[in-house]
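Novice: Output the structure for:
(chains A and B)
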There are 2 protein chains.
Amino acid sequence: MPYFSYFDVASTAPPHPVARQALLAAMEEGWADPDRLHREGRRARLLLDTAREAAAELVDCRPDELSFTSSGSRALHTGIAGALAGRRRVGRRLVVSAVEHSAVLRAAETHEADGGTVARMAPERTGRIEPDTVAAALTGDTALVCLQSANHEVGTEQPVAEAAGECRATGVPMLVDAAQSLGRGVVPGAWSLLAASAHKWGGPAGVGVLVVRKGTRFVAPAPRDEREAGRAPGFPAVPQVVAAVAALRAVREETAAADGRLRGLVDRIRDRIPMLVPDTEVVGDPVRRLPHLVTFSCLYVDGEALVHALDREGFAVSSGSSCTSDTLEPSHVLRAMGVLSSGNVRVSLPTGTTGEEVDRFLEVLPRVVAGIRERYAVPSATGGTTVGEGDEEGGVTVDALGMPCPRPVIELARAMSRTRPGDVVTVLADDGAAELDIRAWCHLREQEFLGEEPLNGNPEGDARAYRVRRTDRPVPPDDPAARWAPTTGSPEGPADPADPADPADDGLRR
Amino acid sequence: MPYFSYFDVASTAPPHPVARQALLAAMEEGWADPDRLHREGRRARLLLDTAREAAAELVDCRPDELSFTSSGSRALHTGIAGALAGRRRVGRRLVVSAVEHSAVLRAAETHEADGGTVARMAPERTGRIEPDTVAAALTGDTALVCLQSANHEVGTEQPVAEAAGECRATGVPMLVDAAQSLGRGVVPGAWSLLAASAHKWGGPAGVGVLVVRKGTRFVAPAPRDEREAGRAPGFPAVPQVVAAVAALRAVREETAAADGRLRGLVDRIRDRIPMLVPDTEVVGDPVRRLPHLVTFSCLYVDGEALVHALDREGFAVSSGSSCTSDTLEPSHVLRAMGVLSSGNVRVSLPTGTTGEEVDRFLEVLPRVVAGIRERYAVPSATGGTTVGEGDEEGGVTVDALGMPCPRPVIELARAMSRTRPGDVVTVLADDGAAELDIRAWCHLREQEFLGEEPLNGNPEGDARAYRVRRTDRPVPPDDPAARWAPTTGSPEGPADPADPADPADDGLRR
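Specialist: Numbering: from 1, shown residues only, chains lettered A, B, ... in the order given. Here you go, the predicted model:
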């Protein structure tokens, strides 16, 4: 492999050279317990205090407002739990956006299980939460609002300063998850709490930041511990903290210099992909977005196969398709936005990315997507059986039960290509992504989604019937799905998806 | 400072050279998200899986039983909460020893605040919890027993295998806090959960270990997170984990070779200190103990001054005296054992400690203790006033209110030296260590502790009256306290305790 481009910094950034150097030096100087009175302890204390002051300056807060936690997730969990406990007498309503990081949404679920209530703000189709949406969510019993500075999957920036202003005006604290943006600059506005994660900006893993502004009611979650103002139990990892702060300072300068160029590279990807790869939806806000991140979804492709194929071509990317996750559910972000989740790819560029790397990606991607689409075109006599045809509505029913994404939408497209305007196609499917992708397909193809209902009268089951009516808009005769024969839909026995030579490797690993 | 001996490895061990090397290498190879499908993710996954297998071998468990947490405290918190939740239907009684690490005791307090009950097993005066004590604590509604493998403050080893056998016989899971011993060997016995901390064995800070044996009912605390079997939320710190496991393997071999020698060095300290330093109590079990750790307490000395003075002489030690803590409370371990807490010093030797270093310590210590005792002998007209003399019991009352440790016990000793057998001395004091130290003084001097009661009828206040009767045993005429005039007892305005030239620096910093 002569080339390798790591396009996944939104997952984690490679350690910055400054972080490595600082970590090594601080392991010499700052390994001791900063709470000890002897000289080794005092040296560690000095390093920790100095790092806290430097971090506070980079966040624009007071040093005594900032605690170092063991991860960004812990910062979020502790920040949310502490703020909710501090406002318990006011009310037990938590407001979050539906596109927050899963650590926020899981903390919200915990709050619900504990008897609290949660309001989830729906985003625009771009992933944006408008300030009006935040204002409308503020009720008298709202204890806390959580809003990310920018979305981790699609890059859409949120109007944090305006939202914080709305919250401040009604006396409600707002927590900002700044994980995706703190390495790129100060988070503006009158927010009350902030959480971030050092490995996102090139610091070591194992360091998070939690800021609780003075005047914010906060009750640290139990068990109590004196470390870090009671907000992060356990022995502090001073060397990693020192390295994290050193990296943040270095990265801030580098991103300030590089972000204009990265924005241009992402614009190049955003502009060209729809022309280069048919049936692809670029998602997220095209303007109000992180400079280095772009996400798109490809019809009739499964995300895991795409990630593996791009990896073999020398590109590390990630995917929000359900095919890549343990849960069999597509990304909650894509779902909340109502956009296609199949064949989803997130590209997030490191600071040093060159135009040549992006051009190579744009050269490789169409071939890779076409190759995966071809692999679904294997003739087969099983699966995707049309079980009814020409019923009273002049439609057909397609059985895609047991088929993982992107198969149900492929079967839908096949069936639709044989219909006339007014005909209805019913797809029976139990994959977690089916509804989202069928709706998104209708949106892209300008076909009418009639609705869905549980099969066998079991509202809890996954099996559902999705009904789509043919409009007068054409289902393109060259739709790649139209010429594919159905393939085997067995979910069992996947081969190693990393092995392209395996004929059973269709990437449909569960 | 030509020499410096770090005698505080029980707080934290300096990073092992192997840990440094492994950390650097793993930062190159294992910085990516091990949950990602691309090659960088798979490299990190491979390192993490390999580290888990190696750690499991060193702990003697299965790899899928072992999770890496962000600290030993987190491992304890999660282990206790998860085991209690898993056994909630059986009962809500938690049994802990009174000498566990504060992370266990705080988790127990949290359980109580949540409606559970906690039984605290009292140790022998050596700090030992006998297996019979554990057996007696096992009731039908006991959900979990927590017992450390060895005590962190006095080094006493606990009969973990026997205790685990008692627990297993009644179907109660036992959690072992192995923080002080995992670097020295496998923890034997049928325990169900185990927690440990890498920085104690020379690994980096920020890595803990939690083992939950198969068959142990366990419900991971919320918010849920898929990482580490749901037992450690947040992005995993793979490089630190790799370094921690590499260090554990290296350290195990080194301690196996060195522990016999360290045991001899500690025996030298244990044997000589009572001869070299008058009025000193060596605490902990003399035989069933960690090889490298010894703790002693000196009458009429405050712990913070002692730590600072030894630091100036080139020795890093720690102290469980209340004068060194934020809480103004002496170590809960010394309190539970009922031993003297004033002038407490814990010496914990690194593997490479030489006999010369120990001899130098034994040469320096008597001089340092004598120097601090001399500093209390400053003539003064205020404080320690004898407010009553010759009352109906023929005794005196000494007002030591507002005086920090070790002053109340110094005032007691002064007053006792002027009494005859049968006389009663009442000491009024509000320092957190007063009761423990007055009781311990009576034990050492073979005087009779009559009891204590709250002053002013306020049972919640700190101010109490302690009554001691003179026996026919002498209060030594050469007791150093007897010839000291009372000194100023003001708790305010301490000078920098690190500055030996400051005449106001009496080390009594609060």
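Novice: before we move on, what SS does the residue of the stretch 151-300 of chain A found nearest chain B have?
Specialist: Distances from the stretch 151-300 of chain A to chain B, computed as C-beta to the nearest C-beta, single out residue A:234 as the nearest residue at 2.9 Å. C-beta coordinates here come from the backbone N, C-alpha and C atoms, glycine included. For residue A:234, the secondary structure call by DSSP: H, G, I helix; E, B strand; the rest coil comes out as coil.
Novice: so what's it up against?
Specialist: A:70, A:225, A:227, B:70, B:71, B:72, B:73, B:74, B:103, B:208 (C-beta atoms under 8 Å, 6 or more residues apart in numbering or on different chains).
Novice: Would you list the phi and psi of the spatially closest residue to it that is not a sequence neighbour?
Specialist: Taking C-beta to C-beta, 6 or more residues apart in numbering or on different chains, and ignoring the residues beside it in sequence, residue A:234 has residue B:71 as its nearest neighbour in space, at 2.9 Å. Dihedral angles phi and psi of residue B:71 (degrees, to the nearest 10) take the values phi -170, psi 170.
Novice: Unless I'm misreading it, residue B:71 sits right up against residue A:74, doesn't it?
Specialist: No - assessed by C-beta atoms under 8 Å, residue B:71 is found out of contact with residue A:74, at 10.5 Å.
Novice: quick check, residue A:94 in a strand?
Specialist: Yes - residue state for residue A:94 (three-state DSSP) corresponds to a strand.
Novice: Tell me how far it lies from chain B.
Specialist: Residue A:94 sits 12 Å away from chain B when distances are taken as C-beta to the nearest C-beta, to the nearest Å.
Novice: For that residue, name its beta-bridge partners.
Specialist: According to DSSP bridges, the residues that bridge with residue A:94 are residue A:118, residue A:144.
Novice: related to what we said a few turns ago, now the residue of the stretch 151-300 of chain A closest to chain B, what are its backbone angles?
Specialist: The phi and psi torsions at residue A:234 (degrees, to the nearest 10) take the values phi 100, psi 160.
Novice: just for the stretch 401-510 of chain A, where's the confidence low?
Specialist: Applying pLDDT under 70 to the predicted model, the residue ranges of the stretch 401-510 of chain A that meet it are A:460, A:476-510.
Novice: that older thread, out of the contacts of residue A:234, which one has the lowest pLDDT?
Specialist: The lowest pLDDT within the contacts of residue A:234 belongs to residue A:225, with 89.
Novice: show me what contacts it?
Specialist: A:232, A:233, A:234, B:73, B:102, B:103, B:106.
Novice: Helix or strand: which one has it?
Specialist: Per DSSP states H and E, residue A:225 falls between elements, in no helix or strand.
Novice: What parts of the stretch 101-250 of chain A come near chain B?
Specialist: The stretch 101-250 of chain A has residues A:102-103, A:106-107, A:109-110, A:113, A:197, A:199, A:204-208, A:222-226, A:233-240 near chain B, with proximity defined as C-beta under 8 Å from any C-beta of the partner chain.
Novice: Give me the subset of these that lies in strands.
Specialist: Using DSSP state E, the subset of these located in strands is A:197, A:208.
Novice: For the residue positioned nearest the centre of chain A, list the residues it contacts.
Specialist: For chain A, the residue nearest the mean C-alpha position is residue A:153 (3.1 Å; C-alpha atoms, centre = their mean). Residues counted as contacts of residue A:153 (C-beta under 8 Å, 6+ apart) are A:10, A:99, A:295, A:320, A:331, A:333, A:334, A:346.
Novice: Just give me the closest of those residues to residue A:249.
Specialist: Minimum distance to residue A:249 across these is 20.9 Å, recorded for residue A:10 (C-beta to C-beta).
Novice: Make sure the closest one is actually in contact with residue A:346.
Specialist: Yes - Residue A:10 is within contact range of residue A:346, at 6.4 Å (criterion: C-beta under 8 Å).
Novice: Helices of chain A, start to end?
Specialist: Shown for chain A, the helices assigned by DSSP state H span residues A:17-29, A:39-59, A:72-86, A:102-113, A:131-137, A:160-169, A:238-276, A:303-312, A:332-337, A:355-375, A:407-416, A:434-445.
Novice: Name the residues that touch the shortest one?
Specialist: Read that as helix A:332-337. The set of residues external to helix A:332-337 that reach it, using C-beta under 8 Å, 6+ apart, is A:98-99, A:102, A:105, A:122-127, A:151-154, A:283, A:297, A:320, A:329, A:340-341, A:344, A:436.
Novice: Over to the fifth one?
Specialist: Defining contact as C-beta under 8 Å, 6+ apart, one finds that helix A:131-137 is touched by A:95, A:119, A:121, A:122, A:145, A:147, A:159, A:162, A:163, A:165, A:166, A:167.
Novice: surely the fourth one meets residue A:98?
Specialist: Yes - under the criterion of C-beta under 8 Å, residue A:122 lies in contact with residue A:98, with a separation of 5.6 Å.
Novice: Measure how buried residue A:195 is and give me the count.
Specialist: Here the number of neighbours of residue A:195 (other C-beta atoms under 10 Å in any protein chain shown) works out to 30.
Novice: Surely it is in contact with residue A:71?
Specialist: No - the criterion here is C-beta under 8 Å, and residue A:195 misses it with residue A:71 at 9.8 Å.
Novice: Quick check: the residue in the stretch 51-200 of chain A that chain B sits nearest to vs residue B:442, distance?
Specialist: When distances are taken as C-beta to the nearest C-beta, the stretch 51-200 of chain A reaches nearest to chain B at residue A:71, 2.9 Å away. Between residue A:71 and residue B:442 the computed distance is 50 Å (C-beta to C-beta, to the nearest Å).
Novice: how many neighbours does residue A:355 have?
Specialist: Counted with other C-beta under 10 Å, residue A:355 comes out at 11.
Novice: should've said residue A:3
Specialist: The local packing count at residue A:3 equals 11, with neighbours defined by other C-beta under 10 Å.
Novice: isn't it right next to residue A:360, touching?
Specialist: Yes - in this structure residue A:3 lies within contact range of residue A:360 using C-beta under 8 Å: 6.9 Å.
Novice: how about residue A:355, what does it touch?
Specialist: Contacts of residue A:355 were listed using C-beta under 8 Å, 6+ apart, and they are A:265, A:268.
Novice: Read off the pLDDT value for it.
Specialist: According to the predicted model, the pLDDT of residue A:355 comes to 97.
Novice: Could you report the distance from it to residue A:267?
Specialist: Where residue A:267 is concerned, residue A:355 sits at a distance of 12 Å (C-beta to C-beta).
Novice: now swap in residue A:80 and tell me
Specialist: To residue A:267, residue A:80 is 35 Å away according to C-beta to C-beta.
Novice: what's the answer for residue A:252, then?
Specialist: As judged by C-beta to C-beta, residue A:252 and residue A:267 stand 23 Å apart.
Novice: residue ranges with poor pLDDT in chain A?
Specialist: Across chain A, the stretches falling below the confidence threshold (pLDDT under 70) are A:1-2, A:324-328, A:377-394, A:460, A:476-510.
Novice: and residue A:183, what does it touch?
Specialist: Under the criterion of C-beta under 8 Å, 6+ apart, the neighbours of residue A:183 are A:13, A:200, A:201, A:202, A:248, A:251, A:252, A:255.
Novice: Can you get me a residue count around the fifth one?
Specialist: Counted by other C-beta under 10 Å, the residues lying close to residue A:248 total 26.
Novice: ok, now which ones touch it?
Specialist: Applying C-beta under 8 Å, 6+ apart, one finds that residue A:248 lies in contact with A:55, A:58, A:182, A:183, A:198, A:201, A:203.
Novice: just these now: which is nearest residue B:373?
Specialist: In terms of C-beta to C-beta, no member of the contacts of residue A:248 lies closer to residue B:373 than residue A:55, at 43.9 Å.
Novice: Look up the closest residue to that closest one, ignoring the ones flanking it.
Specialist: For residue A:55, the spatially nearest residue (C-beta to C-beta, 6+ apart) is residue A:245, at 4.8 Å.
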